[in-house]
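>>> sequence-free structure coming up:
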């Protein structure tokens with residue numbers, strides 16, 4: 001199978017906060033890169049068995065470069081260490097995407113909430129909201145001021161619309177004050193650690209459906225699968241039928257049959273393994289799809305999601 005995506009070269013790399021580097025990627029030939037919109041991310045194929053996704057946090061109007069920012073995770077699975085240690089200017093890396101499961105929907109007003117490295121997908125949304133003439137505010141929290149990436153850029157570009165709230169000076173974010181009253185014309189966008197997302201989801205439970213948009217770094221608890229037993233998957237392109245037992249994922253079964261699907265998190269949070277569903281009902285176990293997208297049963301993330309019936313037909 002031909003590796004998807006395209007080759008990119010590291011144009012620049014700079015430390016921008018404690019433990020965070022910003023990496024700028026470009027085309028080796030100097031041409032345009034694929035277009036993207038705020039909230040999008042790319043997959044970086046760092047090694048044969050090391051694929052990681054990072055939010056694009058540059059300017060979508062600049063087709064010549066992609067900017068990502070990566071926090072070194074001492075207890076991570078190797079992706080952030082590779083970026084910090086190996087992606088130096090001149091190095092090349094394969095890129096897949098962009099893809100967007102956190103798109104900025106039109107609204108008259110926005111509340112943006114970011115925690116730590118969760119600022120990355122929010123950052124380009126601010127320019128888009130401003131360009132659309134929307135009323136918006138960003139509250140950005142971090143452990144310390146020194147740990148908060150892009151703080152100077154945010155202050156310089158957006159001024160008083162941005163509230164920086166390092167925890168050692170201000171404590172936890174005042175979510176009751178920020179999310180006190182729901183409004184029909186307001187959307188909330190939040191990205192950061194799971195504790196922040198859970199707290200925001202709780203405070204937005206009474207808001208209109210679709211008002212809250214979150215992007216997670218760790219999976220939500222999905223409870224027990226709909227089916228306790230095995231189910232079948234049919235591969236539409238070849239007619240092959242495979243059985244998925246209770247103790248294996250669809251992704252594992254596909255891999256054992258020689259069907260390669262690009263994957264990264266294997267937790268249902270990154271969207272890398274998204275696969276089209278042509279028939280059947282899906283037991284969605286990801287942390288990405290909206291209720292409307294789940295109800296359509298036209299796509300699934302094969303690393304975690306399963307069948308809600310005896311058979312699924314996949315576009316593979």
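Great, that's in hand. The shown structure was predicted, so the numbers you read here are calculated from the model rather than taken from an experiment.
>>> please state the offset of whichever strand or helix holds residue 54 from the chain centre?
Element membership for residue 54, per DSSP states H and E: strand 50-55. How far strand 50-55 lies from its chain's middle: 9 Å, per C-alpha atoms, centre = their mean, to the nearest Å.
>>> packing partners of that strand?
Here strand 50-55 touches strand 41-47, strand 65-71, helix 79-86, helix 119-131, going by 3 or more C-beta pairs under 8 Å, 6 or more residues apart in numbering; DSSP states H and E. C-beta coordinates here come from the backbone N, C-alpha and C atoms, glycine included.
>>> with adjacent residues omitted, what lies nearest to the most centrally placed residue in the chain?
Most central in the chain under C-alpha atoms, centre = their mean is residue 270, positioned 5.2 Å from the mean C-alpha point. Computed as C-beta to C-beta, 6 or more residues apart in numbering, the closest residue to residue 270 that is not its neighbour in sequence is residue 53, at 4.4 Å.
>>> repeat for residue 231
Here the nearest residue to residue 231 in space, its sequence neighbours aside, is residue 307; by C-beta to C-beta, 6+ apart that works out to 3.9 Å.
>>> any idea how far the one you found lies from residue 230?
Residue 307 is 9 Å from residue 230, where distance means C-beta to C-beta, to the nearest Å.
>>> now do the contacts for residue 8.
25-28, 33, 66, 92-95 (C-beta atoms under 8 Å, 6 or more residues apart in numbering).
>>> which of those are buried?
When the contacts of residue 8 are checked for burial by 16 or more other C-beta atoms under 10 Å, the buried set is 25-27, 33, 66, 93, 95.
>>> hmm, back to that, so what's the residue nearest to residue 270 up against?
By C-beta under 8 Å, 6+ apart, the contact list for residue 53 reads 41-44, 97, 264-265, 270-272.
>>> repeat for residue 209
The contact partners of residue 209, taken as C-beta under 8 Å, 6+ apart, are residue 291.
>>> secondary structure element for it?
With DSSP H and E as the test, residue 209 turns up in no helix or strand.
>>> related to what we said a few turns ago, report pLDDT for the residue nearest to residue 270.
Residue 53 is assigned 90 on the pLDDT scale.
>>> from residue 221, how far off is it?
21 Å.
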